[in-house]
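> I would like the atomic coordinates for the input below:
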Amino acid sequence: RLRDWITAGAKWPDKLETLKHWSYIPPQRPVLPAIQNQAWPKNEIDHFILARLEAEKLQPSPVASAETLIRRLSLDLTGLPPTIADLSDASDLSDQKYEQLVDRLLSSREFGVRWARPWLDLARYADSHGFQRDDLRDIWAWRDWVVNALNANMPFDQFTLEQIAGDLLPNATPDQIIATGFHRCTPT
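Residues are numbered from 1 along each chain as shown. Have a look, this model is predicted:
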C-alpha cells in the first residue's frame, strides 16, 4: 500500500502536525472548586472532596475516633492491626504523635512486607513451579530482597534494573545477584 501511495505521485506532507503527549506536559495545580462550607476543609484535597459532596447534596462524615484512625493507618501501611501500645496513646492523639506513628510504621519491616505483596503477585512469586510437576523451589531470598528494597525506599528504576540485570552490573554485589531471582518466578 505504501508503494502504491508513492507511485501514485503522493507527496510527503510539507507540514507535519504533532500532538504533545500528556506525559511531557508539566503538571499544574488546578483551581480550587467553589464550596459553601469554608470551615470544613483542612487542605486543598478537602476542597475537591467537599465540592463533590455538595454537588451530590451530601454532608461529610464526622471525624473518625483516634482508635479508628490508628487502625486505618496501621492496616494501610503494614496490613496488620495496631498494637495495644499504639492504641494506648489514642486518648491523646496529637498531630505530632500521629506523625510519629506514621514514621514508626513506615520504618517497620512489616511496611515492606505489606507493599511487597502486589509486586510478588505480579512476578508470580510462589514456592512451587506452578505447572505439571509442582516441585518446590527455594526463592525466599529474592522475596526478602524485595521487602528490603522497599523498606530502603530504593528508587523504582534501580529496583527494576537490579531484578532484570543485577548480575550484569559491574562488581555486582550478592544482593544484586539475588535480585535476579525475579527471573526464576515464572512458571516452568
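> shaky segments in the chain?
Applying pLDDT under 70 to the chain flags the ranges 1-12, 127-134, 187-188.
> in it, which spans are helices?
2-7, 44-55, 66-78, 84-88, 95-106, 109-122, 140-151, 156-165, 174-179 (DSSP state H).
> Residue 21 is nearest to which of these?
helix 156-165 (19.7 Å; Cβ to Cβ). Where C-beta positions appear, they are placed from N, C-alpha and C, glycine not excepted.
> got the angle for that closest one vs helix 109-122?
50 degrees (axes from the mean of the first three to the mean of the last three Cα atoms, to 10 degrees).
> who's in contact with helix 156-165?
With contacts defined as Cβ atoms under 8 Å, 6 or more residues apart in numbering, helix 156-165 is touched by 149, 169, 175-176, 179-183.
> Please point out which parts of that helix sit buried.
For helix 156-165, the neighbour count (16 or more other Cβ atoms under 10 Å) marks 159, 161-163 as buried.
> Just send those residues back as a markdown table, with distance to residue 111 too.
A markdown table is the format used below for the buried residues of helix 156-165 (distance: Cβ to Cβ, whole Å):
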| residue | distance to residue 111 |
| --- | --- |
| 159 | 15 |
| 161 | 22 |
| 162 | 20 |
| 163 | 20 |
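> For residue 74, the count of nearby residues, please.
20 (other Cβ atoms under 10 Å).
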